[in-house]
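>>> below is the sequence, then the predicted model.
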Amino acid sequence: MQYAEVLTEQKTKIWDATFDYEIGPETLPYLRVGSIVEVPFGKKVIEGVVVGLKRTLPLNIKNIRQIKRILQPNLVVSKEELEFSKWMASYYVTSWSEAFFTMLPPIPKKTISEKMEFQNEFGDEDKNYILVEKDLKRYDYYLEVLKKNKIKNKSVWLVFSDMKKLKNFLEIKKVDLKNFSTIEYTSSDNITTRFTKWQKIRSGNYDLLVGSRMALLCRPTNVGTIIVDDSTQSGHQEDQSPRYHSLDIIRYWRKMGIKTLCGDILPSLEQLVEAKNKEAVILSKKMVRPDCEVELVDMNKEKRLISLPLERELEKTVENNKTMVIFLAKKGMGSITKCQNCGYIFNCPNCELPLKYNAAKKMMTCFKCDYSQANANSCPKCHSDNIMTFGLGLEKIATILKKYVADYPIIILDKENELPENPGKGIYVATQALFRYNLQMESCVLIDADLSLTKPNYNTSEEAFYLFFRLLTMASEKLLIQTHEVESEILNAIKYGKYQSFLNNMLRERFENKYPPYGHLVKIEIVDKNEKKGSDRIEKLKNILSDNLLNVQLIGPNSTLKKNEFIYTLILKSPREFGRVKMRKLIGSDVKIEFDPENLL
């Protein structure tokens with residue numbers, strides 16, 4: 001345990017009095033000498049400044065209270081400022097506390113995040129431009145780009161990751177778009193309509209093309225700017241071969257002299273590297289912490305899904321007729337086995353995916369590789385016998401919530417259940433379908449953040465961070481996160497607004513391990529109904545690649561059985577530039593290949 005010596009704003013009889021406080025685990029990574037903090041003092045909570053750190057205290061000191069929070073994580077008073085306040089106290093014969101807090105201006109209660117300084121002009125350089133803004137502000141910016149291109153008699157392509165967001169954009173901006181010739185190009189058109197639109201796109205006789213990723217495969221005749229909205233979202237990745245990505249396609253068109261613009265609430269790691277290498281320009285006034293409180297709920301101290309802090313938020317929502325979103329990363333988890341004491345999830349030792357309870361076998365099994373084991377009686381991490389097998393889905397959460405909110409509206413929001421045309425106040429139990437809409441909410445609750453933190457993938461941290469940040473930007477008052485991992489670097493970055501530091505740490509880890517964007521991961525799959533034949537094929541391919549490709553690392557192969565077919569997976573780890581053409585000649589056309597996949601399993 002560590003302790004902080006704090007100079008408080010409370011006047012005391014001792015002029016230079018300081019008080020010792022315990023440093024909690026969620027505060028420890030960010031606390032420094034000079035940090036401005038809130039601490040309990042009697043029945044009040046007051047401000048103070050940390051003037052020293054200690055590892056031990058005298059044995060006679062008991063009942064040490066804990067620091068409540070750091071007021072401004074990015075503000076650290078310097079040693080010179082502390083010395084100056086001491087001089088003031090001595091020279092003007094007053095207390096150190098009074099002198100210091102006279103010197104210090106009033107501190108905002110809401111955290112002002114460290115700034116991510118970006119350029120804010122859409123220039124004429126041959127680079128990718130990245131617009132960092134919320135949805136509606138991005139839409140306004142796109143409209144300005146469209147107007148400028150029309151003056152030059154150029155067309156604009158606007159590509160969305162999700163068809164619902166495309167429709168929302170057209171609805172929100174339908175008045176502004178009346179004076180522009182617009183083509184909507186998606187796979188939902190019938191063959192004749194789609195072909196007719198394709199011909200018109202090739203002619204260049206229109207102002208705006210709005211479409212899905214497939215629109216990028218058209219010929220860009222007379223196109224001035226291509227815009228890719230929500231550029232970090234998975235909807236820009238094709239799931240069938242060839243598994244192209246919108247960002248790779250616009251990189252090609254940029255070489256043909258077309259300006260490109262990507263829009264999102266935060267730049268991706270790859271975009272940050274591009275900006276650092278002067279290959280991209282990030283457009284934003286500044287990126288600051290959204291005006292929203294973040295509370296982490298330690299589920300190690302809670303014994304039920306609806307924690308006490310969540311119960312209080314539900315009461316406030318109903319009493320004040322507000323809107324709350326209860327967020328679950330997926331519609332349903334199936335049945336998983338989890339320790340209710342420490343949050344440990346029983347995963348497959350081969351795939352690291354959660355083991356599902358198989359009622360027929362009465363065992364825990366892996367749906368991917370068919371590994372199975374007997375039901376657990378105790379937790380291997382904390383040895384508790386408080387083990388529970390359960391399925392957490394939207395309907396189940398909605399049923400549980402009804403016990404707490406009586407007749408207050410509860411609305412399920414997922415792929416099948418869309419947002420009503422005129423959404424009213426209520427509690428929305430939602431999956432990632434939430435991001436299709438501009439739903440106004442006062443509070444948002446991550447019912448189980450650990451599901452996003454424990455996925456076995458190289459990009460888990462990045463995905464979780466962007467997910468949590470997206471939710472943070474949507475809530476106007478509070479984001480409540482239930483987790484067993486309150487010391488998680490990701491969650492504390494979200495809570496204290498340490499975005500730039502966290503992104504830099506992720507980039508450092510990627511660079512050290514040569515993961516994207518500093519290298520490539522290539523997922524190679526062979527599917528065969530004959531186990532021996534498939535095994536021989538993947539081993540032969542591994543040897544061929546090893547002998548013919550330089551500076552690559554081959555991981556695997558791993559095998560799984562799915563629907564009576566054996567799937568053999570080989571992961572190739574390579575430098576950013578390597579022999580793709582040569583690799584294409586070495587691999588047969590019956591082999592599935594995916595570059596930098598979202599899921600390596």
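Nice, thanks for sending it over. Residues are numbered from 1 along each chain as shown.
>>> contacting residues for Tyr404?
Tyr404 is in contact with Ile306, Glu311, Leu314, Glu315, counting by Cβ atoms under 8 Å, 6 or more residues apart in numbering. Using the backbone N, CA and C atoms, a C-beta is placed for each residue, glycine as well.
>>> ok, now with 7 Å
Contacts of Tyr404 were listed using Cβ atoms under 7 Å, 6 or more residues apart in numbering, and they are Ile306, Glu311, Leu314.
>>> again with Ser443
By Cβ under 7 Å, 6+ apart, the residues touching Ser443 are Glu313, Thr317, Met324, Ala475, Glu477, Lys478, Leu480.
>>> bridge partners for it, pull those for me.
Counting by DSSP bridges, Ser443 is bridged to Met324, Lys478.
>>> any low-confidence regions in the stretch 51-200 of the chain?
By pLDDT under 70, the low-scoring segments of the stretch 51-200 of the chain are 109-126.
>>> what's stretch 90-109 in contact with?
So stretch 90-109 is in contact with 7-9, 11, 15-16, 36, 47, 49, 71-72, 84-86, 88-89, going by Cβ under 7 Å, 6+ apart.
>>> most neighbours among those, which one is it?
With neighbours taken as other Cβ atoms under 10 Å, the top of the contacts of stretch 90-109 is Val49, carrying 26 neighbours.
>>> in strands, which of the contacts of stretch 90-109 appear?
Leu7, Thr8, Ile36, Glu47, Val49 (DSSP state E).
>>> now stretch 20-30, how far from the centre of its chain.
Here the centre of stretch 20-30 is set off from its chain's centre by 25 Å, with Cα atoms, centre = their mean, to the nearest Å.
>>> outside of that stretch, which residues touch it?
Contact with stretch 20-30 is made by 1-6, 31, 39, 57, 61, 64-67, 69-70, 73, 296, 486-487, 492, 496, as judged by Cβ under 7 Å, 6+ apart.
>>> just the buried ones among the residues you listed, please.
Burial by neighbour count, 16 or more other Cβ atoms under 10 Å: within those this picks out 3-6, 31, 39, 67, 69-70, 73, 296, 486, 492, 496.
>>> next, format these as CSV and append secondary structure and distance to Thr260.
Shown next, in CSV, are those (DSSP: H, G, I helix; E, B strand; the rest coil; distance: Cβ to Cβ, whole Å):
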residue, secondary structure, distance to Thr260
Tyr3, strand, 53
Ala4, strand, 49
Glu5, strand, 53
Val6, strand, 51
Leu31, coil, 43
Val39, strand, 50
Ile67, coil, 47
Arg69, strand, 42
Ile70, strand, 40
Pro73, coil, 35
Leu296, strand, 38
Val486, coil, 41
Asn492, helix, 35
Tyr496, helix, 34
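>>> circling back to that earlier point, which of the contacts of Tyr404 lies closest to Val175?
Val175 has its nearest neighbour among those in Leu314, at 38.5 Å by Cβ to Cβ.
>>> pass me the low-pLDDT residue ranges in the protein, would you?
Filtered on pLDDT under 70, the chain yields the residue ranges 109-126, 285-290, 330-336, 350-353, 357-361, 367-370, 389-392, 456, 601.
>>> what does stretch 588-600 rub up against?
234, 237, 241, 243, 457-458, 516, 520-526, 571, 587.
>>> neighbour-wise, which of those residues leads?
Of the contacts of stretch 588-600, with other Cβ under 10 Å as the count, Ile526 tops at 24 neighbours.
>>> quick check: the gap between that one and Gln340.
With distances taken as Cβ to Cβ, to the nearest Å, Ile526 is found 41 Å from Gln340.
>>> and the residue of the chain most remote from its centre, what element?
Of all residues in the chain, Val93 has its C-alpha farthest from the mean position, at 52.1 Å, by Cα atoms, centre = their mean. Using DSSP states H and E, Val93 is not contained in any helix or strand.
>>> within the helices and strands, which one has Asn375?
Per DSSP H and E, Asn375 falls between elements, in no helix or strand.
>>> excluding chain neighbours, what is closest to it?
Met364 (6.1 Å; Cβ to Cβ, 6 or more residues apart in numbering).
>>> the one you found and Ala329: what is the separation?
When distance is defined by Cβ to Cβ, Met364 is 21 Å away from Ala329.
>>> and what of Ile481?
Distance, Ile481 to Ala329, by Cβ to Cβ: 12 Å.
>>> and Gly534, helix, strand or coil?
Gly534 falls in the helix class when you classify it by DSSP: H, G, I helix; E, B strand; the rest coil.
>>> mind listing what the closest residue in space to it that isn't next to it in sequence touches?
Distances taken as Cβ to Cβ, 6+ apart place Asp528 nearest to Gly534, at 3.1 Å, with adjacent residues excluded. Residues near Asp528 by Cβ under 7 Å, 6+ apart: Gly534, Arg537, Phe566.
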